[in-house]
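1. next come a sequence and a model predicted from it.
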Amino acid sequence: MPTSVTELYLVLPALALVFFRLVGLMITAPLLSSAVVPRRVRAAMVMVLAVMIFPMVVAKPNVLNASLATVVVGGATELMIGAAVGLSLTLTLMGAQVAGELVSQQAGMSLGEVINPL
């Protein structure tokens, strides 16, 4: 963790990259992207998670020396990676939901034959 303002300035690009990946995840992840969760709560969750994950990323020295253009391109890349992770989670849960619907429908059809055998 940075101890002075100068060190903090040097590691801000790494924090920005972590932040962008988490934003992409929050935009597309199931449950977190729903309208039930307010935007301020999602923003606070992203900030807290970024600060918690940041010490694990800051240990890598190649992220620390970055220009504005590098951070913008990296931020767009991280946003897309986070969105892809969120979409893969969404597709996984949607597959489980479709499987549950199929099982429910099959059970309902079987029960219908038991109740009314005609």
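-> Here it is on my side, so go on. All values derive from a computational prediction rather than experimental measurement.
2. quick one, helices of this protein?
-> Counting by DSSP state H, the segments of the chain that form helices are 5-28, 39-57, 68-115.
3. okay, the ones you listed in TSV with mean neighbour count next?
-> C-beta: built from backbone N, CA, C; applies to glycine. Output for the helices of the chain, formatted as TSV (neighbours: other C-beta atoms under 10 Å):
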stretch	mean neighbour count
helix 5-28	18
helix 39-57	13
helix 68-115	12
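4. okay, now the unreliable bits of the protein?
-> For the chain, residues meeting the criterion pLDDT under 70 lie at 1-3, 58-66, 110-114, 116-118.
5. spatially nearest residue to Ala29 (excluding sequence neighbours)?
-> Distances taken as C-beta to C-beta, 6 or more residues apart in numbering put Gly86 closest to Ala29, at 3.9 Å, once the chain neighbours are dropped.
6. so the one you found sits against Val23, correct?
-> No - Gly86 is beyond contact range of Val23, at 10.1 Å (criterion: C-beta atoms under 8 Å).
7. just read off the phi/psi values of Ala35.
-> phi -70, psi -10 (degrees, to the nearest 10).
8. next up, the contacts around it.
-> Taking C-beta atoms under 8 Å, 6 or more residues apart in numbering as the definition of contact, Ala35 has no neighbours.
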